[in-house]
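Student: coords below, sequence missing:
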């Protein structure tokens, strides 16, 4: 089975959704890391731009919170 090539650029939202809806438990940690990296990068871009982006800032914060909750669930499951 061949897989489609990964696009060179994915938005933080696409990576975030990919992490949340990943069904392969071995790939979830990688998906989480990729999404977190993209979210932090986007937050830095918005900060550097200095424009009013409160809605996206809140969305970034919420996404990071959800990813960390997912990561904590994985860690608890692994420890059990």
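Tutor: Yep, that arrived. In this text, all values refer to a predicted model and were calculated from it rather than measured experimentally. Numbering: from 1, shown residues only.
Student: C-alpha from now on. contacts and neighbour counts both.
Tutor: OK.
Student: Look at residue 9 and report its pLDDT.
Tutor: We have a pLDDT of 60 for residue 9.
Student: Residue 71 reaches residue 32, doesn't it?
Tutor: Yes. Between residue 71 and residue 32 there is a contact under C-alpha atoms under 8 Å: 7.5 Å.
Student: the more surrounded of the two?
Tutor: Legend: neighbour count by other C-alpha atoms under 10 Å for residue 71 and residue 32, higher for residue 32 (24 against 16).
Student: so the residue most central in space within the chain is in which element?
Tutor: With distances taken as C-alpha atoms, centre = their mean, residue 35 lies nearest the centre of the chain, 2.3 Å away. Using DSSP states H and E, residue 35 falls within helix 28-49.
Student: Please identify the buried residues of the helix or strand containing residue 55?
Tutor: Assigned by DSSP H and E, residue 55 belongs to helix 54-79. Residues of helix 54-79 classed as buried: 57, 60, 63-64, 67, 70-71 (neighbour count, 16 or more other C-alpha atoms under 10 Å).
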